[in-house]
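**Q** fold the following for me, if possible:
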Amino acid sequence: MAVVGPSDYFFSFVHRMAPPCLERFGANLFGRASGNIPEIDVSVYSFESASAEKFSGKIFQGLPPGSLVDCSLVITVLNEENSVSEWFNSFGAQSVLPKEVVITDGGSSDSTVTRIKFEISQLQSQPNFSEISFKVLQLKNASIAYGRNQAIGAASYDLIAVTDLGCRLDAYWLERIVFPLLVDPETDFSMGHYRAEATSFWSKMYSHFLIRDIDPGDLTTFLPSARSQAFRKSLWVQAGWFPDYLTFAGEDSLFALHCRSFARKTAFTPDAIVHWTMPKSFPKLFRMVFRYARGDAEGGRLFGEQYLSTLQFFIAILLELSAGWLLLLGPWWLSLPGWVFIGFGLIRLFCAVDRYSPFSSLVETDIKHVAGRFTAGLGMFAAQSLGFLWGLLGRRKVEKRRLAGEAREHHLVSVQSSSVETLEGAKDYVSEQLLSGQIVTVLEPETASLGLDHPRLQSFKKTHFVEGVWKEKFIDKAEQDTVLKKDFRAKPSQGSEQF
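**A** Down below sits the predicted model:
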């Protein structure tokens with residue numbers, strides 16, 4: 001149900017009157033195309049009849065129980081002293097075990113590290129765990145992405161499984177998440193799933209908006225959480241590592257997007273389950289959603305249209321409720337228009353909440369749960385809008401961090417044709433430059449895309465690109481005259497070094 005209120009006419013007027021330069025400004029603000037996630041083919045590995053029936057895949061038998069797998073299990077942790085024992089208990093119950101476990105602590109201020117070392121000593125006293133190598137890396141003020149990169153860099157095996165210590169592993173998680181990589185040498189990326197456990201009133205209210213089941217049609221664009229994924233270390237290098245230039249969150253979705261561009265084959269294992277306990281209080285849940293939205297905006301590649309839509313919706317509610325309240329403070333004859341504005345704002349919010357999570361699904365229909373669902377929905381929309389805005393404000397600084405480092409050259413590639421031959425030629429050239437450590441900016445035609453994602457890659461539609469603005473924003477003045485330009489036209493062989 002769509003609600004058309006006074007604020008919609010305002011946004012329609014602004015959209016009609018906005019000059020074309022604002023559209024180009026928006027594209028340059030993001031820095032990279034923020035379009036849809038490219039679709040890829042995904043192989044399904046099911047181990048239980050329910051998932052096999054849902055995803056039309058056959059049932060696999062798995063690995064021999066008690067096996068030691070040639071892989072490194074990588075975990076990051078920060079101030080999780082209360083969940084250390086639970087994680088190690090679930091690790092000890094795994095059907096197969098890794099030959100190596102690498103744990104990175106990002107600078108915990110509690111007893112997390114002490115408890116981790118105690119649990120490791122307890123495990124290694126048991127025969128089944130004596131052959132496992134444990135490494136504990138202690139960092140200071142490290143982001144999640146930086147911690148993961150350090151752990152993977154210290155890992156001894158090419159096969160990497162990733163999760164977080166604040167979770168609880170299903171007994172068959174490790175076996176199932178690495179299985180596709182073990183049985184198929186060309187599979188580079190394995191995507192698992194997680195289940196959220198809501199243990200408080202507010203986490204139950206928020207879970208209706210944050211947790212979605214995966215349908216077969218979602219697999220071609222699915223981006224897994226880093227709580228449950230596995231990949232080859234060589235793919236991690238090709239994908240440019242976890243994006244540690246982001247301030248706090250959003251790194252796992254962006255890394256998964258990059259992996260999809262370079263993985264030879266990608267697998268989904270619906271039965272590789274990690275159980276994640278959601279934050280319990282409203283402020284912690286609000287902060288979590290805020291950080292996710294901020295990270296997505298900083299990355300500049302994912303869910304831009306959705307966040308802009310949410311931001312417009314949130315502003316519309318604020319405008320209508322504020323206008324209504326101001327009218328109610330005026331003369332008595334303005335009270336009716338005031339209540340009309342307030343009514344539109346509340347109805348708009350009710351319909352949006354009901355669309356995400358229908359009130360008809362409420363098991364308990366008392367005023368507390370209805371108001372809680374309503375408040376959680378408003379809190380989620382507010383956290384997403386504010387986090388997205390905050391991330392946009394920090395985009396310039398994040399882009400500087402993203403493009404800094406050891407890259408030797410900056411390539412500006414213009415794709416003049418949407419023919420298959422031209423796109424393939426440009427894609428091969430761009431991939432080669434990225435893998436050799438270079439920075440690449442691609443100008444794509446309106447009707448086509450190279451379908452590549454990488455931390456050192458920018459993509460613009462040609463009509464949205466302003467070279468002067470781009471150089472000022474992303475290229476140091478001393479390097480602006482050294483940008484290498486390449487032009488791909490009807491055939492790759494016709495590419496010329498001058499632009």
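**Q** so how far is Gly299 from the residue positioned nearest the centre of the chain?
**A** Closest residue to the average C-alpha location of the chain: Ser253 at 2.3 Å, with C-alpha atoms, centre = their mean. Using C-beta to C-beta, to the nearest Å, Ser253 is found at 8 Å from Gly299. For glycine as for every other residue, the C-beta is placed from the backbone atoms N, C-alpha and C.
**Q** please apply the same query to Asp428.
**A** 25 Å.
**Q** thought the residue nearest to the centre of the chain was touching Leu223?
**A** Yes. In this structure, Ser253 is within contact of Leu223 by C-beta atoms under 8 Å, at 4.6 Å.
**Q** please enumerate the shared neighbours of these two.
**A** Residues touching both Ser253 and Leu223 (C-beta atoms under 8 Å, 6 or more residues apart in numbering) are Leu302.
**Q** so what strands line up beside the longest strand along the chain?
**A** Counting residues, the longest strand found in the chain (DSSP state E) is strand 265-277. Applying DSSP bridges, strand 265-277 is found paired with strand 42-44 (parallel), strand 167-169 (antiparallel), strand 187-197 (parallel).
**Q** what's the most buried one of the ones you listed?
**A** Ranked by mean neighbour count under mean count of other C-beta atoms under 10 Å, the strands paired with strand 265-277 are led by strand 167-169, which reaches a mean of 23.
**Q** is it true that Phe47 touches Gly62?
**A** Yes. Counting by C-beta under 8 Å, Gly62 is a contact partner of Phe47 at 6.0 Å.
**Q** mutual contacts of those two, please.
**A** 172, 176.
**Q** okay, the two: which has more neighbours?
**A** Phe47 (19 against 16; other C-beta atoms under 10 Å).
**Q** what's the closest non-adjacent residue to the more buried one?
**A** Among residues not flanking Phe47 along the chain, Asp271 sits closest, at 4.4 Å (C-beta to C-beta, 6 or more residues apart in numbering).
**Q** what pLDDT, on average, does stretch 321-331 get?
**A** The average pLDDT within stretch 321-331 is 84.
**Q** apologies, that question was intended for stretch 142-162.
**A** 91.
**Q** before we move on, what about stretch 440-452?
**A** So the average pLDDT for stretch 440-452 ends up being 82.
**Q** contacts for that stretch?
**A** 33, 35, 38, 261, 410-418, 423, 426-427, 430-431, 433-434, 454, 456-463, 465, 470, 474.
**Q** just how off-centre is that stretch within its chain?
**A** Relative to its chain's centre, stretch 440-452 lies at 21 Å (C-alpha atoms, centre = their mean, to the nearest Å).
**Q** tell me the domain boundaries of this protein?
**A** 42-280, 300-398, 405-494 (automatic domain parsing).
**Q** just those domains: most buried one?
**A** For those, the highest mean count by mean count of other C-beta under 10 Å goes to domain 42-280, at a mean of 19.
**Q** how about the secondary structure of Ser203?
**A** helix (DSSP: H, G, I helix; E, B strand; the rest coil).
**Q** isn't it up against Phe282?
**A** No. Applying C-beta under 8 Å as the test, Ser203 and Phe282 come out as separate, 9.3 Å apart.
**Q** now the element after the host helix or strand of Ser234, going C-ward?
**A** Using DSSP states H and E, Ser234 sits in helix 233-238. Later in the chain than helix 233-238, the nearest helix or strand by DSSP H and E is helix 251-262.
**Q** can you list contacts of that following helix?
**A** Against helix 251-262 from outside (C-beta under 8 Å, 6+ apart): 37-38, 40, 143-145, 148, 188-189, 191, 223-227, 229, 231, 235-236, 238-244, 246, 266, 295-296, 299, 301-302, 431, 451-455.
**Q** could you give the average pLDDT over it?
**A** pLDDT averaged over helix 251-262 gives 87.
**Q** so it versus strand 265-277, what angle?
**A** 170 degrees (axes from the mean of the first three to the mean of the last three C-alpha atoms, to 10 degrees).
**Q** from the chain's centroid, how far away is stretch 139-156?
**A** The answer for stretch 139-156 is 18 Å, by C-alpha atoms, centre = their mean.
**Q** again, but for stretch 280-292
**A** Offset of stretch 280-292 from its chain centre (C-alpha atoms, centre = their mean): 16 Å.
**Q** all strands of the chain, in order?
**A** In the chain, the segments counted as strands under DSSP E are 42-44, 68-77, 97-105, 133-138, 159-164, 167-169, 187-197, 229-232, 265-277, 410-415, 439-444, 457-461, 484-488.
**Q** how long is stretch 157-176 end to end?
**A** 18 Å (C-alpha to C-alpha, to the nearest Å).
**Q** repeat for stretch 440-459
**A** 9 Å.
**Q** same question for stretch 453-468.
**A** With C-alpha to C-alpha as the measure, stretch 453-468 spans 24 Å from end to end.
**Q** same question, stretch 210-221
**A** 17 Å.
**Q** tell me the pLDDT at Ser361?
**A** Ser361 is given a pLDDT of 58.
**Q** nope, Pro185 is what I meant
**A** 93.
**Q** next, work out how far apart the nearest residue to Met205 once chain neighbours are set aside and Leu246 are.
**A** The shortest distance from Met205 to any non-neighbouring residue, by C-beta to C-beta, 6+ apart, is to Ala376 (3.7 Å). Distance of Ala376 to Leu246, computed by C-beta to C-beta: 26 Å.
**Q** and Pro283, by the same measure?
**A** From Pro283 to Leu246 the distance is 22 Å (C-beta to C-beta).
**Q** same check on Val340?
**A** 43 Å.
**Q** also Trp470?
**A** 21 Å.
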